[in-house]
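Chemist: I'd like to go over a predicted model; first the sequence, then the structure.
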Amino acid sequence: MRDADPNRWLMLAVGMFAQASGTVFANAAAFLIPYFHLERGLTLVQAGALASMALAGTTVSLVAWGIVIDRLGERVSLAGGLAIVTAAALAASALADSYLALAACFFVGGLGLASTNSASGRLVVGWFPARRRGTAMGIRQTALPLGVGAAALMVPVLVERVDLPATLLVVAGLCAVATLASALLVVDAPRLPRTEAADLGQLQNPYVADRRLLRIHAASALLVIPQFTVWTYMLVWLIDERQWAAAAAGALVASTQLLGAAGRIGVGWWSDRAGSRMRPMRLVAVAAAVTMLALGVLEPTPAAVALIVLATAVTVADNGLAFTSVAEIGGPYWSGRALGVQNTGQYLVSAAVPPVIGALIAWQGYAAAFALVALFPLLAVALVPVRSERVPAT
C-alpha cells in the first residue's frame, strides 16, 4: 500500500456501514408487518407483499448497478445508491398513509440499495491484498446480520412508541449519514487505465473462456437453499414443534445471527491461511449437507435444537468465500457485473425457498423437509471449481 493510499480498514468500515444501513431499510418493512397487520388492519398477505418490495427492487437492479460500478467506481455508486435509499425513506415517511405509495417507495429504495452489495465488496477486493481478503470479506459480510439485528431492535420499538412516519425518518437519517460517509471517505480501489488494462486482457468478458464463474454462481445458488430454510423456519419450528415460548425462541434466533457472523469471519480467515477460497467452500458445502441431514434424522430428539443452531452458522459460511472469488475472477473491469449476477441468482432462489419448503413441510413434516434440503449442498460440492482455482498472489 502506497503512502498516499487510504487506510484499507477505513474503506472496509465505510463499506460495512453502507451495507448495514441499507439492510436496515430493506428489513424495516418486514419488521413493520405486525404493525401493518394488527394496527392498520392489513392482511398478512398484504403486509408481506409490502415487505417484499425492497427485495424486489434490489433483485432487478443488481446487474445494472454492477455495470455502473465497473464504469464509474465504488464511491459514486455507493453514494448515489444510498442517496436513492435516503430519498425513498424520506418520501415514505411523508406518504405513510398510502400503502401504494409506500410500496413504490420501498421498491425504489431497493433499486438504490442494490449498489451497496457489489460496491462494498469491490472495496474489499480492491484495497486488501489476496492474503487478507478472505478475512476482510468475512468481516464485511457481517453487515447483513448486523443490519437485520439493528432493524429488529429499532423499528418495532419506534413504531410502537412514536409513529410510522417518525420511524421511517430515523431510517432515512441513518441512510443519509451512510450516504455522506460514502461520498466523503470512500476512495475508489486502484486499477489500471483502460488502455493498459486492455493490453492485459482485463477488459475481456471473463464468462467467455472461464467456466469458474458459472460454477460458483450455481453452487452458491444451491447453498442458499439450506440457509434460507433455516432462517425462515427455525422460529416457527421452535414454537410449533418444540413448544418453546415465543420470547425464548426469538432470543435464540437473534443470537444465531452473531454465530453466523463469527462463522463468516472464521471461514474467511481460514481461506487466507489455506491460500484457497474453493477448498474451504467445498468443505462448507459438505458440512452443510451433513448438518441438514442430521437435523432431519434427529428432528424429533432434543439434539435437533443444537443442530439447527449449528446449521445457522454452517449454511452462511460460504457467502464471503464465493463473493471474494467472484470479484477476483471478474477483475477490476468486470467484477461489478459478476457480483451482480452472483447476487441476483441467490436472491431469486431465496425468494422461492419459503413457499416451496413451506409446502414440503405441510406435506411431509419438518424432518423430511430438513433431510431433503441436504441434497442441495451435496450437489453444490461437485460444482465448486477446486481444481481450476487460481488465487491471486497479491
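Modeler: Cool, the structure landed.
Chemist: residue 30 contacts residue 51, correct?
Modeler: Yes - using CB atoms under 8 Å, residue 30 is in contact with residue 51, at 4.4 Å. (Glycine included, C-beta is placed from N, CA and C.)
Chemist: sec struct for the residue nearest the centre of the chain, please.
Modeler: The centroid of the chain falls nearest to residue 144 when counting by CA atoms, centre = their mean (5.6 Å). Here residue 144 is recorded as helix under DSSP: H, G, I helix; E, B strand; the rest coil.
Chemist: how about it, what does it touch?
Modeler: By CB atoms under 8 Å, 6 or more residues apart in numbering, the contact set of residue 144 is 19-20, 23.
Chemist: show me the contacts for residue 250.
Modeler: Contacts of residue 250 by CB under 8 Å, 6+ apart are residue 235.
Chemist: can you list the weak-confidence ranges in this structure?
Modeler: Across the chain, the ranges flagged by pLDDT under 70 are 1-4, 391-394.
Chemist: swap in 50 and give it another go.
Modeler: Low-confidence segments of the chain (pLDDT under 50): 1-3.
Chemist: can you show me the strands along it?
Modeler: For the chain, strands defined by DSSP state E do not occur.
Chemist: list the buried residues in stretch 280-299.
Modeler: 280-289, 291-299 (16 or more other CB atoms under 10 Å).
Chemist: typo on my end, it should be stretch 298-316
Modeler: 298-299, 304-305, 307-316.
Chemist: among those residues, which ones are in helices?
Modeler: 304-305, 307-314 (DSSP state H).
Chemist: can I get these in CSV with distance to residue 177?
Modeler: Shown next, in CSV, are these (distance: CB to CB, whole Å):
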residue, distance to residue 177
304, 42
305, 39
307, 40
308, 36
309, 34
310, 36
311, 35
312, 30
313, 31
314, 34
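Chemist: name the nearest of these relative to residue 261.
Modeler: residue 313 (8.9 Å; CB to CB).
Chemist: distance of that closest one relative to residue 220?
Modeler: 17 Å (CB to CB, to the nearest Å).
Chemist: is residue 142 in contact with residue 264, as I believe?
Modeler: Yes - contact criterion CB under 8 Å: residue 142 and residue 264 qualify, at 6.1 Å.
Chemist: between the two, which one's more packed in?
Modeler: The residue with more neighbours, out of residue 142 and residue 264, is residue 264; 26 against 21, by other CB atoms under 10 Å.
Chemist: is it true that the more buried one touches residue 146?
Modeler: No - the criterion here is CB under 8 Å, and residue 264 misses it with residue 146 at 11.3 Å.
Chemist: who's in contact with stretch 78-97?
Modeler: For stretch 78-97, the external contacting residues (CB under 8 Å, 6+ apart) are 15, 18, 21-22, 25, 65, 68, 101-102, 105-106, 108-109, 111-116, 119-120, 163-169, 171-172, 175-176, 178-179, 182-183, 186.
Chemist: in helices only, show me those.
Modeler: Per DSSP H, those map to helices at 15, 18, 21-22, 25, 65, 68, 101-102, 105-106, 108-109, 111-116, 119-120, 164-169, 171-172, 175-176, 178-179, 182-183.
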